[in-house]
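Chemist: Quick one: sequence and predicted model below, then my questions.
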Amino acid sequence: MTSIDFLNKVHKSLDSQEYNLSYSPAKSKNYMLYCNGNFIGGLFDEELCFVYADSVSELLGQPDPVYRGYSSTAQHRMLVIPEEHWAKALKLLYAEKFDWSRLVYDITYTSIGAAVVEDFYDENVVFLRFCFEKELLKKNPLDRQGRILRMVYLNQDLTKAGKYLFPRLLQKFLVFTDRKGKTSLETMLNRWYTALEKEYRSQITE
C-alpha cells in the first residue's frame, strides 16, 4: 500500500515543466507511474520504482532488480530508487528510454518541397559533413565517396554538444535563402556555428 502523502511527496519532488507525472491505480492500493504519458514505473509500498535502465542501475551501484506491476501476473522488471537519487534517476531513465529515440532530422521529409530530392542532397552533404567534423554527430554520416549513409537522425546520434548545437544549426541551415548567392553554405555554417558554440560554452560554464 502506498499512502497519498508519499504520492504527493514524489509528485512535489519530480513533477516539473519538463517531466509531467501522472498515475493509475495498481494492486494493493499502489500506483503505476507515467512521465509525459510514458510508462516509467510505479509507487509500491512507499517506495519509488523505475523500470529497469542500464544508466539508472549504474547510478545505484547495480542492485538486484525487483518485479512490480498492476497485478501478480502483470509484472515489470524495476529498480527501487532511494530518495536521494530520485531526480537524477528520472533524468537518466527518461534520456535512455525516450529522449534518445526522439527524431531530430529526416532529410526525406524536409526535401518534399524541392522539385526532386537531389536539389537538396548536395547541401545536406555539406551540412552533415560539417556537423561530423565539429563533433556534433557520433558517427560519420557519409561514406568514402561522400554519399549520405542515413536519411534519418535521432537524438541518440548526437554528441553531448550536438544535442544543443545540432538542432539550432539545422534550423538556420533549413531557412538559409542565399543558396545561390555570393556567400557559400560552408561560410555561413562556420558563422552560425561560431555564434552558437559561444552560447553553448557560456551555458555550461554558468
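Modeler: Yep, that arrived.
Chemist: Setting aside sequence neighbours, what's the nearest residue to residue 104?
Modeler: Excluding its sequence neighbours, the residue lying closest to residue 104 (C-beta to C-beta, 6 or more residues apart in numbering) is residue 153, at 4.8 Å. Backbone N, C-alpha and C define where each C-beta goes, glycine included.
Chemist: give me the element that neighbour is part of.
Modeler: Element membership for residue 153 (DSSP states H and E) is strand 152-154.
Chemist: Which positions in stretch 56-75 come out as buried?
Modeler: 56, 57, 59, 68, 69 (16 or more other C-beta atoms under 10 Å).
Chemist: Okay, the residue located most distally from the centre of the chain and residue 188: tell me how far apart.
Modeler: Most distant from the centre of the chain: residue 182, at 37.1 Å, with distances by C-alpha atoms, centre = their mean. As for residue 182, its distance to residue 188 is 11 Å (criterion: C-beta to C-beta, to the nearest Å).
Chemist: circling back: between the buried residues of stretch 56-75, which is nearest residue 123?
Modeler: The closest of these to residue 123 turns out to be residue 56 (C-beta to C-beta; 40.4 Å).
Chemist: secondary structure class for that closest one?
Modeler: Judged by DSSP: H, G, I helix; E, B strand; the rest coil, the three-state class of residue 56 is helix.
Chemist: Average pLDDT for the next helix or strand after the strand holding residue 153, rounded please.
Modeler: The C-terminal neighbour of strand 152-154 among helices and strands, as given by DSSP H and E, is helix 160-175. Averaged over helix 160-175, pLDDT sits at 90.
Chemist: Which residue ranges of the protein form strands?
Modeler: In the chain, the strands defined using DSSP state E lie at 21-26, 30-35, 38-44, 47-51, 66-71, 74-81, 103-106, 152-154.
Chemist: can you give me the offset of the longest one from its chain's centre?
Modeler: Averaging C-alpha coordinates over strand 74-81 and over its chain gives two centres that are 22 Å apart (C-alpha atoms, centre = their mean, to the nearest Å).
Chemist: Check which helices and strands that strand is in contact with.
Modeler: Counting contacts by 3 or more C-beta pairs under 8 Å, 6 or more residues apart in numbering; DSSP states H and E, strand 74-81 is packed against strand 38-44, strand 47-51, helix 54-59, strand 66-71.
Chemist: which strands and helices sit next to the strand holding residue 153?
Modeler: Using 3+ C-beta pairs under 8 Å, 6+ apart: strand 152-154 touches strand 103-106.
Chemist: got the buried residues for the strand it packs on?
Modeler: Buried-residue list, strand 103-106, by 16+ other C-beta under 10 Å: 104, 105.
Chemist: Begin at 11, not 1, for the rest of this chat.
Modeler: Yes, from this point I'll number from 11; that puts the last item at strand 113-116.
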